[in-house]
Structures are given as structure tokens and as C-alpha cells.
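Chemist: The sequence and its predicted three-dimensional model are supplied below.
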Amino acid sequence: MSSSKSGIVFSYDDIWLIDGVRTPFADYNGVFGRVAPIDLGIKAARAVFSRTGIKPTEVGSVVAGSMAQASFDSYVLPRHVSIYAGVPLNVPAILVQRVCGTGMEILLQLSDAITLGKIQLGLGVGAESMSRNPIASYTLRGGMTLGRPEFGDFLVESLTDTAFGGSMGDTAERLAVEYKLSREDVDRFAVSSFERALAAQQSGFLAGEIVPVSNETFELEGYKPRGIKLPREVKELAVDTHVRPSPLEALAKIRPAFGGVQTGGNSSAIVDGAAAALVASGEYCRGNKIAPLARITCGAVVGVPPDNMGIGPAVAIRALLDARGLKLADIDRFEINEAFGAQCLAVERELGIDHAKLNANGGAIAIGHPLAASGLRLSITVARELRRSKTRYGISSACIGGGQGIAVLIENPDLV
């Protein structure tokens, strides 16, 4: 691990992503609209144990992430996800937060713990309910003597950076100007995201990382049960609901959201969902004859100006490549979070990424961006894509509100 003007770079020799799974991502106020993120996280965690056959009792630590205070018991989200997933009561759990990079931060925190010899196997979970973001007042407790309290929509207000007084969308518009991106450029990028996600959905690729969700009760001996209750007309959700045909002509009709090229159609979809992964040492994998999904080779976290936060992936990816002595051409697949079409397209142009290598199965514009879960989804997806395409190196990356970038280098174990 090193710290420099390029940020903080983590290198790992023998850390492995055993496997990962996620729930479907459901549109805002849709099928998961009334489901607490804790329960989505429990579902994903139980699913990754079921998929791998690994017992929860083997886990040495749980690292979870969730951005919004989306339920009154959100303080205990990592702990309740842990124990209701079957992890022993004596195993600790912690919440981490790096905004849109939270899911990748979860992987790096677990990798660090393994490298330091603290654990051999860790569970990582990211869960987010965008639908349940609260309507909040931060002044009401002080009284109403001098006037009405100020209420705000947390989902909207949290996307405003008070350092420069603009929204996350404004940072994407700044990149659109800097990189001379037209509205048509950004809409065409969104078309590609939808087309690729639709193809990946129809081929069954996306289904390979999704656990179907239905009504379910999570029992824990000695404690109150909790669970998932879907709308009455829904028996099961097994697919991402935002993936749909989205031709250029339809996207072109959507009005700008920030006065420029960004719209609701070419920005990341607002969705609810969760993802979970198991990370282990090589010793654990070899000792238990486990064939892991991927190797976690390196991670990088960098800072960039808050009003230029969208370019963060480019800076993080360069730091990652420098640390490992690799060139951009050595990377076979990229999964870069499509927070905004202009933002992701600017990163593509800044680095000179071949578009065929970027988000080959669609991105957040089509699939959605449940904040804390996205980084895990991106990393799981790129690992699976490396296996599918029989290629070696992949990078997952995201821009981060407040002015950061994060990237993780993933390696196909068949080609290590």
C-alpha cells in the first residue's frame, strides 16, 4: 500500500473474490419501494452463501455499505445483515461509506483485513433503497419559534455539493463542455448502454449474477423475524426493471435535467437493490479446494476537485495502472459506473478506452445505480465478463461525489 500525489494505491498478492451475487435492481418506487435496505442486503448475503456452498460460520468479518438513512434501524444495518445471514453473533460487522465507490471500498477493506492477517474470509454487502430516502428536517428539533422548519428531499439535496454550490449533474455538464460532448453524443452513449443491457438480459448473462426475490421471512433464533414483502400483485422479481428498448429518437425527446446535455434518459437510473460478495485469502481457497471467480490484484482511491468529480475514474485508473506497471491496452474489460452519460463518456475519451471494452453488458444508465451496491455489481460483472470472454484483466471504477475516484483491478484466475 502506498500514498502519494496519485492518491492511495493498494496492491495484493493473494486475495480472491470467491463469488458475488445481487438482487435485481428495481425502479424507484417500484417493486422494492417499501423494502428496507437491510432486508435486501440479507437476501443478497444469504444468496452468496447458498451459491458458493460456504458456511456463514466461516466468515471472520462483515463489511457493509449503505448511503441513505432509509430505515429507522439503519444504524445497525451491517450488524443485522450479518446475523440474519447466519454469520455467528461473535463476528463483528462495520459500515463503510465512500458514496458511489462504497461497493469497491467494501472489497478493498476486506482485502486489507486479509492482507493484515486479521481474517481469512470476509463477507461484503452493499444495500440501497433510493425509494426510501427520507424527507428530512435538520432544524426541526431546535424548535419553530422564528418560523417554519426547513424540510428537504434527501434524495435531491444529497446530490448537491455545497463546496461549489452545484449538483452532481452540474459536474457532468462541466465535463460535457470540456470534452465537447453534444446532446447527441451523450444520447448515443445511453443507447449503447440500453442495447447492451437488453442483449445481456436476453442472453441470460445478467441472470447469472442475479438472485430472484420473492416474499420471504428471515428467521434468527432468539430474535424477532424480519423479511421481504413485495406488492400484492408481484410474486417474484428476477430481472432488472429499468432495462428496456430505448432508441435514440425516444431519448432525444427527453428534456434536459440540468440545462445542458444530461437528461433522465441518459443518466443513471434511480433504483433499489443489493449485492454481496465473499473475499478470501489464497490459503483459505486452496485449503478448501475453492475455485474463485477472480483475483483482486490492486485498488486505487484518488481525490479530484469537487466540481470535477466525474473525471475521478480516469485519475484512479491511471494510478492503478502505474502501480502495477500496466498499460491501458493491457486491460481487456472496463466497468465504469455510468453516473451520467457525459461523465462516463468523458472518462472514455480522456483515457482513450475502446468503447467495445467498456460496459460490454450495459451500465448504470440502463441497469441502475443503487449507490452502495453499485461498486460490488460493477466488480462482480467485470469478473464474470472476463471469464465469459476468456480475457485476463478487468477494471471496475466509479466517480465519487465530493471529488474522488476509485478503481479495482480484477484478474481472471484461469489466466494468472
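Modeler: Arrived safely, thanks for sending.

Chemist: Mind naming the longest helix for the chain?
Modeler: For the chain, the helix reaching the highest residue count under DSSP state H is reported as helix 183-203.

Chemist: Run through the neighbouring helices and strands of it.
Modeler: Counting contacts by 3 or more Cβ pairs under 8 Å, 6 or more residues apart in numbering; DSSP states H and E, the secondary-structure elements packed against helix 183-203 are helix 248-252, helix 341-351, helix 364-367. The C-beta positions use only the backbone N, C-alpha and C, and glycine is treated the same way.

Chemist: which one of the ones you listed lies closest to residue 203?
Modeler: In terms of Cβ to Cβ, the element of those nearest to residue 203 is helix 364-367, at 14.4 Å.

Chemist: Output the longest helix of the chain as CSV, restricted to C-alpha atoms.
Modeler: Taking Å, rounded to 0.1, in the frame of the first residue of the first chain, the C-alpha atoms of helix 183-203 are listed here in CSV:
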residue,chain,number,x,y,z
ARG,A,183,-26.5,16.1,-26.6
GLU,A,184,-26.5,13.5,-29.4
ASP,A,185,-23.1,12.1,-28.3
VAL,A,186,-24.5,11.5,-24.8
ASP,A,187,-27.8,10.1,-26.0
ARG,A,188,-26.0,7.7,-28.3
PHE,A,189,-23.8,6.6,-25.4
ALA,A,190,-27.1,5.9,-23.5
VAL,A,191,-28.5,4.0,-26.4
SER,A,192,-25.4,1.7,-26.3
SER,A,193,-25.9,1.1,-22.6
PHE,A,194,-29.6,0.1,-23.1
GLU,A,195,-28.9,-2.0,-26.1
ARG,A,196,-26.0,-3.9,-24.4
ALA,A,197,-28.0,-4.4,-21.2
LEU,A,198,-31.0,-5.6,-23.1
ALA,A,199,-28.8,-8.1,-25.0
ALA,A,200,-27.2,-9.3,-21.8
GLN,A,201,-30.6,-9.7,-20.2
GLN,A,202,-32.0,-11.7,-23.1
SER,A,203,-28.9,-13.9,-23.4
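
Chemist: picking up where we left off before, just the helices and strands packed on helix 183-203: most buried one?
Modeler: Here the criterion is mean neighbour count by mean count of other Cβ atoms under 10 Å, and of the helices and strands packed on helix 183-203 the winner is helix 364-367, at a mean of 30.

Chemist: circling back: quick one: buried residues of the longest helix of the chain?
Modeler: With burial defined by 16 or more other Cβ atoms under 10 Å, the residues of helix 183-203 counted as buried are 183, 185-194, 196-198, 200-201.

Chemist: continuing past the strand or helix carrying residue 18, what's the next helix or strand?
Modeler: For residue 18, the host element (DSSP states H and E) is strand 15-22. Sequence order places strand 26-27 as the next helix or strand after strand 15-22, per DSSP H and E.

Chemist: List the neighbouring strands of that following strand plus their orientation.
Modeler: strand 271-281 (antiparallel) (DSSP bridges).

Chemist: What's the first helix or strand after the partner strand?
Modeler: Past strand 271-281, heading to the C-terminal end, the next element that is a helix or strand (DSSP H and E) is helix 282-287.

Chemist: taking the mean pLDDT, what do you get for that next one?
Modeler: Over the span of helix 282-287, the pLDDT mean works out to 98.

Chemist: Only alpha carbons, please: show it as PDB.
Modeler: As requested, C-alpha coordinates have been extracted for helix 282-287 and formatted as PDB (Å, rounded to 0.1, in the frame of the first residue of the first chain):
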ATOM      1  CA  GLY A 282      -5.400 -17.800  -1.200                       C
ATOM      2  CA  GLU A 283      -4.700 -20.000   1.800                       C
ATOM      3  CA  TYR A 284      -8.400 -20.300   2.500                       C
ATOM      4  CA  CYS A 285      -9.200 -21.000  -1.100                       C
ATOM      5  CA  ARG A 286      -6.500 -23.700  -1.600                       C
ATOM      6  CA  GLY A 287      -7.200 -25.300   1.800                       C
END
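
Chemist: That one: how far from the chain's middle?
Modeler: On the basis of Cα atoms, centre = their mean, to the nearest Å, the separation between the geometric centre of helix 282-287 and that of its chain is 27 Å.

Chemist: In which helix or strand does the residue nearest the centre of the chain reside?
Modeler: In the chain, the centroid-proximal residue (Cα atoms, centre = their mean) is residue 374; its distance is 1.2 Å. Assessed by DSSP H and E, residue 374 sits inside helix 371-389.

Chemist: what does residue 222 give?
Modeler: Counting by DSSP H and E, there is no helix or strand that carries residue 222.

Chemist: tell me the contacts of it?
Modeler: Contacts were defined as Cβ atoms under 8 Å, 6 or more residues apart in numbering; by that measure residue 222 touches no other residue.

Chemist: Can you give me the distance of it to residue 233?
Modeler: 35 Å (Cβ to Cβ, to the nearest Å).

Chemist: next one: residue 307
Modeler: Applying Cβ to Cβ, the value for residue 307 to residue 233 is 44 Å.

Chemist: same deal with residue 322?
Modeler: Taking Cβ to Cβ as the measure, residue 322 falls 53 Å from residue 233.

Chemist: More neighbours: these two, which one.
Modeler: Legend: neighbour count by other Cβ atoms under 10 Å for residue 322 and residue 233, higher for residue 322 (13 against 6).

Chemist: Okay, helices next: where are they in the chain?
Modeler: Assignment of helices within the chain using DSSP H yields the ranges 37-52, 77-84, 102-115, 154-157, 168-178, 183-203, 248-252, 282-287, 312-324, 341-351, 364-367, 371-389.

Chemist: and residue 404, which of these is closest to it?
Modeler: With Cβ to Cβ as the yardstick, what comes closest out of the helices of the chain is helix 312-324 (5.5 Å).

Chemist: could you give the angle of the closest one to helix 341-351?
Modeler: Comparing the axes of helix 312-324 and helix 341-351 via axes from the mean of the first three to the mean of the last three Cα atoms, to 10 degrees yields an angle of 30 degrees.

Chemist: Pull up the gap between the residue nearest to residue 133 when sequence neighbours are not counted and residue 129, please.
Modeler: Using Cβ to Cβ, 6 or more residues apart in numbering and skipping residues adjacent in sequence, the residue nearest residue 133 is residue 155, 3.8 Å away. According to Cβ to Cβ, residue 155 and residue 129 sit 10 Å apart.
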